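requesting a structural model of the entry that follows:
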Amino acid sequence: MHVLAVVALALGLSMDTAAVALSVGFGSPALTLRRALMMAGTFGAFHVVMPLVGVLAGTAAMRWVSALDHWIAFALLAFVGGKMIWEAYERRRDRLRGEPPPPVPDAFHFGALLTLAFATSLDSLGAGFSLPLLGVPLPIAVAIIGAVPFLVTLTSLYVGRRFGARFGATLDALGGVVLIVIGIGIALQHLG
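Numbers count the residues shown, from 1 in each chain. Alright, predicted model coming up:
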């Protein structure tokens, strides 16, 4: 029964990851298996490392981290989302002016992946504080918490790609809005 609690926790921690991967899939018609595995691996790895850091940090730092994690996630997601909206606007403006389109930014650039993975895994850091209380051996719990976001990211990328190809480049801006809304939701959740 305790393993099911860890799976449920991992699914809950994967919701931000799913939303981010969907929005990236919307704006990435050139999604390849290699890129999808790279993003899923990065997100999964951060969801493994962050709970371990949480376990090591212990409950003494829990108040400090929980007071800031939502603001850090909000700032990072708002920045990345705003950048996506601005780039979509510039591409549309250039197209209306008849200018050749600039190269589409690489959503799978290493720096962008690290930023998104960090922002979506901050909740896992907090979960790490309570992980020993679930009664599941730490290696098994961490493996589950890493595997679930990996699979959720892969699935979400391909679902996003399918809809992105169908609905066009405007979804890139929508993806940016989604990231900002996720960031606002994280901040509001902690304010209430």
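
what is the helix or strand containing residue 55 packed up against?
Following DSSP states H and E, one finds residue 55 within helix 33-57. Other elements packing on helix 33-57 under the criterion 3 or more CB pairs under 8 Å, 6 or more residues apart in numbering; DSSP states H and E are helix 15-26, helix 110-130, helix 138-167. For glycine as for every other residue, the C-beta is placed from the backbone atoms N, C-alpha and C.

so which bits of the longest one are buried?
I take that to be helix 138-167. The neighbour-count check on helix 138-167 (16 or more other CB atoms under 10 Å) flags 141-142, 144-146, 148-150, 152-158, 160-161, 164 as buried.

out of the helices and strands packed on helix 33-57, the one nearest residue 81 is which?
Nearest to residue 81 among those is helix 15-26 (8.0 Å), distances taken as CB to CB.

buried set for the closest one?
Result for helix 15-26 [16+ other CB under 10 Å]: buried residues 16, 17, 18, 19, 20, 21, 22, 23, 24, 25, 26.

could you export these as TSV, including pLDDT and distance to residue 136?
What follows is those, written out as TSV (pLDDT from 0 to 100; distance: CB to CB, whole Å):
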residue	pLDDT	distance to residue 136
16	78	22
17	85	21
18	83	23
19	78	27
20	80	27
21	85	26
22	80	29
23	76	32
24	81	31
25	82	32
26	75	35
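
closest to residue 111 out of the residues you listed?
Ranked by distance to residue 111 (CB to CB), these are led by residue 24 at 14.1 Å.

hmm, what's the outermost residue in this structure?
The centre of the chain is farthest from one residue, residue 98, which by CA atoms, centre = their mean lies 34.7 Å away.

list the contacts of the residue nearest the centre of the chain.
Nearest to the mean C-alpha position of the chain, by CA atoms, centre = their mean, lies residue 17 at 3.5 Å. Applying CB atoms under 8 Å, 6 or more residues apart in numbering to residue 17 gives the contacts 43, 47, 120, 121, 149, 152, 153, 156.

what's the distance between the third one and residue 89?
Here residue 120 is placed at a distance of 25 Å from residue 89 (CB to CB, to the nearest Å).

who has more neighbours, those two?
residue 120 (30 against 13; other CB atoms under 10 Å).

now the buried residues of helix 15-26 as JSON lines including distance to residue 191?
What follows is these, written out as JSON lines (distance: CB to CB, whole Å):
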{"residue": "16", "distance to residue 191": "17"}
{"residue": "17", "distance to residue 191": "22"}
{"residue": "18", "distance to residue 191": "23"}
{"residue": "19", "distance to residue 191": "19"}
{"residue": "20", "distance to residue 191": "21"}
{"residue": "21", "distance to residue 191": "26"}
{"residue": "22", "distance to residue 191": "25"}
{"residue": "23", "distance to residue 191": "23"}
{"residue": "24", "distance to residue 191": "27"}
{"residue": "25", "distance to residue 191": "30"}
{"residue": "26", "distance to residue 191": "28"}
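
now, among those, which is nearest to residue 188?
Using CB to CB, those come closest to residue 188 at residue 16, 13.6 Å.
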